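[1] Could you work out the structure for the sequence below:
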Amino acid sequence: MSKNAKIAAGGVAAGIILLIWLPWWAALLIVLGVPAAAYMTLDPGQRRRLRRVSRKEIGH
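    Down below sits the predicted model:
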């Protein structure tokens, strides 16, 4: 299993666990908010590098 597949599987498992314990809107807020907060902590150079790599992966 690739690294990205492991991360995706962990995210799905965490989302299911959160949905059991929390209302759906709170779980959604956490699932979307954590990656957004992590992105905001990057400095501008790291954000540019991340966007450039993401574009290369989708073939642009």
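
[2] any idea which helix or strand carries the residue nearest to the spatial centre of the chain?
    By Cα atoms, centre = their mean, the mean C-alpha position of the chain lies nearest to Pro35, the distance being 4.3 Å. Per DSSP states H and E, Pro35 falls inside helix 24-40.

[3] quick one: contacts of that helix?
    11, 14-15, 18-19, 22, 47, 50 (Cβ atoms under 8 Å, 6 or more residues apart in numbering). Bear in mind the C-beta positions are built from the backbone N, C-alpha and C, glycine included.

[4] Where is the longest helix in the chain?
    Using DSSP state H to define each element, the chain has its longest helix at helix 3-21.

[5] so how far is that helix from its chain's centroid?
    10 Å (Cα atoms, centre = their mean, to the nearest Å).

[6] so for it, what's the average pLDDT?
    Taken as a whole, helix 3-21 has a mean pLDDT of 81.

[7] Ok, stretch 40-56 next?
    85.

[8] Going by neighbour count, which residues of that stretch are buried?
    Judged by neighbour count using 16 or more other Cβ atoms under 10 Å, stretch 40-56 contains no buried positions.

[9] now swap in stretch 20-34 and tell me
    Those would be Ala27, for stretch 20-34 by 16+ other Cβ under 10 Å.

[10] With just CA atoms, put that stretch into CSV.
    Extracted in CSV, the C-alpha atoms of stretch 20-34 (Å, rounded to 0.1, in the frame of the first residue of the first chain):
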residue,chain,number,x,y,z
ILE,A,20,-20.0,8.0,15.7
TRP,A,21,-19.0,10.3,18.6
LEU,A,22,-19.9,13.7,17.3
PRO,A,23,-22.7,15.3,15.3
TRP,A,24,-22.0,15.2,11.6
TRP,A,25,-21.3,19.0,11.4
ALA,A,26,-18.7,18.8,14.1
ALA,A,27,-17.0,15.9,12.5
LEU,A,28,-17.0,17.7,9.1
LEU,A,29,-15.5,20.8,10.7
ILE,A,30,-12.6,18.8,12.2
VAL,A,31,-12.0,16.7,9.0
LEU,A,32,-11.8,19.9,6.9
GLY,A,33,-10.4,22.2,9.5
VAL,A,34,-7.2,20.2,10.4
